[in-house]
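In: Let's see this in three dimensions:
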Amino acid sequence: MPPLLTTGIGTVLETTGARQRVEEMINTRRCAALATLDRADLPPHVARTLRQIVSIATERQS
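Out: Down below sits the predicted model:
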């Protein structure tokens, strides 16, 4: 993607607050997933693997 297009999109996402709202949504859903795992009656190795998946899926890349 050309740098100007990337910069323009990034500017729009930042100035409209869209990026922050998406970050908040991801965090909310991450916390909900972890809370569900806390309540689930799962074998420890399964819960541990699912927690790792949650972490990897919601880890910030840039």
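
In: Going along the chain, name the helices of the chain.
Out: When assigned using DSSP state H, the helices of the chain occupy the ranges 3-15, 18-39, 44-58.

In: tell me which residues in the longest one are buried?
Out: In terms of neighbour count (16 or more other C-beta atoms under 10 Å), helix 18-39 has its buried residues at Ala33. In this view, the C-beta of every residue, glycine as well, is placed from N, C-alpha and C.

In: Make CSV out of the helices of the chain and add mean pLDDT.
Out: CSV is the format used below for the helices of the chain (pLDDT from 0 to 100):
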stretch, mean pLDDT
helix 3-15, 74
helix 18-39, 95
helix 44-58, 96
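
In: so who does the residue nearest the centre of the chain touch?
Out: Nearest residue to the geometric centre of the chain (C-alpha atoms, centre = their mean): Thr58, 3.2 Å. Residues counted as contacts of Thr58 (C-beta atoms under 8 Å, 6 or more residues apart in numbering) are 26-27, 29-30.

In: how about those, which pair is most distant?
Out: Farthest pair in these (C-beta to C-beta) is Asn27 and Arg29. Separation: 7.5 Å.

In: so how far is Thr16 from Glu9?
Out: For residue 9 the amino acid is Ile, not Glu. Taking C-beta to C-beta, to the nearest Å as the measure, Ile9 falls 11 Å from Thr16.

In: oh sorry, the question was meant for Thr58
Out: Applying C-beta to C-beta to Thr58 and Thr16 gives a distance of 22 Å.

In: what does Glu59 give?
Out: Distance from Glu59 to Thr16, by C-beta to C-beta: 24 Å.

In: Then Arg48?
Out: Arg48 sits 38 Å away from Thr16, taking C-beta to C-beta as the criterion.
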